[in-house]
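Asker: mind folding the following:
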Amino acid sequence: QVELVESGGGLVQAGDSLRLSCAFLGRSFSLYVMGWFRQAPGKERELVAEITSGSSTSYADSVKARFTLSRDHAKNTVYLQMDSLKPEDTAIYYCAAKHISIPSYEYWGQGTQVTVSS
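Answerer: Numbering: from 1, shown residues only. Prediction:
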């Protein structure tokens, strides 16, 4: 069983930075692809970024060059560094995990609110 615990959300101004953390509680962290999703009010949940076990990353076009996803295998933690934040980045951010053998994300964190004021 896997549990994901997020932290680091908050209220910031446009142009500020935040770093979200997601602690992976379980076994075989290195066998999981990790992702961050977000959902804004009235909108569908979208994939923001994901990282493979080998630390290859991919990003949504809306966050490229502003967000950086990384993972620390020693701490079983992934980090989403968010720079140059914009009001449209306001959403609940969810950490998610999927085993490398499974196509869909199967484990989800509780979500952390990020609010960016203009």
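Asker: ok, the residue nearest the centre of the chain - contacts?
Answerer: Nearest to the mean C-alpha position of the chain, counting by Cα atoms, centre = their mean, stands Trp36 at 2.6 Å. For Trp36, the contacting residues are 20, 22, 47-50, 69, 78, 80, 93-96, by Cβ atoms under 8 Å, 6 or more residues apart in numbering. Quick note: C-beta positions are derived from backbone N, CA and C, even for glycine.
Asker: could you rerun that using 10 Å?
Answerer: Counting by Cβ atoms under 10 Å, 6 or more residues apart in numbering, Trp36 makes contact with 6, 20, 22, 47-51, 59-60, 63, 67, 69, 78-80, 82, 93-96, 109, 112.
Asker: what's the answer for Ala40, then?
Answerer: Glu46, Glu88, Asp89, Thr90, Ala91, Ile92, Val114.
Asker: just Gly10 next, same as before
Answerer: Contact partners of Gly10, counting by Cβ under 10 Å, 6+ apart, are Asp16, Leu18, Leu20, Thr112, Gln113, Val114, Thr115, Val116.
Asker: isn't Cys95 right next to Tyr32, touching?
Answerer: No - if you go by Cβ atoms under 10 Å, Cys95 and Tyr32 don't touch, sitting 11.0 Å apart.
Asker: find residues that contact each of these two.
Answerer: Leu4, Phe24, Val78, Tyr105, Tyr107.
Asker: looks to me like the third one is in a helix.
Answerer: So the one you mean is Val78. No - using DSSP: H, G, I helix; E, B strand; the rest coil, the secondary structure at Val78 is strand, not a helix.
Asker: next one, pLDDT for it please.
Answerer: Note for Val78: predicted pLDDT of 98.
Asker: I appreciate the help and will end here.
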